[in-house]
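Q: Sequence first, then the predicted structure, then my questions.
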Amino acid sequence: MNKIISQIRRIPLELVFWIGAMIGILLIDPYGQQHFTLCPLDNLGFTWCPGCGLGRAMSLLTKGDIQASWSMHPLAMFAFAVIAYRIVELIRNIKTIKNYG
């Protein structure tokens, strides 16, 4: 049991989080009318939020619809690049620390 717990503690949670976020972005239907939101401002009833539409814009970007992505949220390309860069850096860090390559 202690061996299993020590293996779980070695899993980099940040890497799991960002990979899960990218999978979620790939699974979003940006063309749908209704969408799930975690935005606290939207849930409180505010009509404007600086981050709203970012996930759908990133999903449009993965589907190749760059113009619609840009019109929905101009920072989608930057956010996508930052998340992808962070995933690569975390994987490099694991490979360096564990001597996997």
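A: Nice, I can see it.

Q: would you list every one of the helices in the chain?
A: Remark: helices assigned in the chain by DSSP state H are 2-9, 13-27, 40-43, 54-62, 66-72, 76-98.

Q: what does the second one contact?
A: Here helix 13-27 makes contact (C-beta atoms under 8 Å, 6 or more residues apart in numbering) with 55, 58-59, 62, 80, 83-84, 86-87, 90-91, 94. No exception for glycine: its C-beta is placed from N, CA and C like everyone else's.

Q: number of nearby residues for residue 72?
A: Residues near residue 72, counting by other C-beta atoms under 10 Å, number 20.

Q: i'd like the first residue to be 34 from this point on
A: In the new numbering, first residue 34, that becomes residue 105.

Q: State whether it and residue 93 are indeed in contact, as I suppose.
A: Yes. At 6.4 Å, residue 105 and residue 93 qualify as touching, with contact defined as C-beta atoms under 8 Å.

Q: Common neighbours of those two, please.
A: In contact with both residue 105 and residue 93: residue 63, using C-beta under 8 Å, 6+ apart.

Q: buried sites along stretch 53-69?
A: Buried residues in stretch 53-69, counted by 16 or more other C-beta atoms under 10 Å: 55, 58, 61, 63.

Q: which residues of the chain score low on pLDDT?
A: Filtered on pLDDT under 70, the chain yields the residue ranges 68-69, 131-134.

Q: ok, now how distant is the residue nearest to the spatial centre of it from residue 120?
A: The residue lying closest to the centre of the chain (C-alpha atoms, centre = their mean) is residue 54, at 3.2 Å. Here the criterion is C-beta to C-beta, to the nearest Å. By it, residue 54 lies 9 Å from residue 120.

Q: for residue 51, same thing?
A: As judged by C-beta to C-beta, residue 51 and residue 120 stand 5 Å apart.
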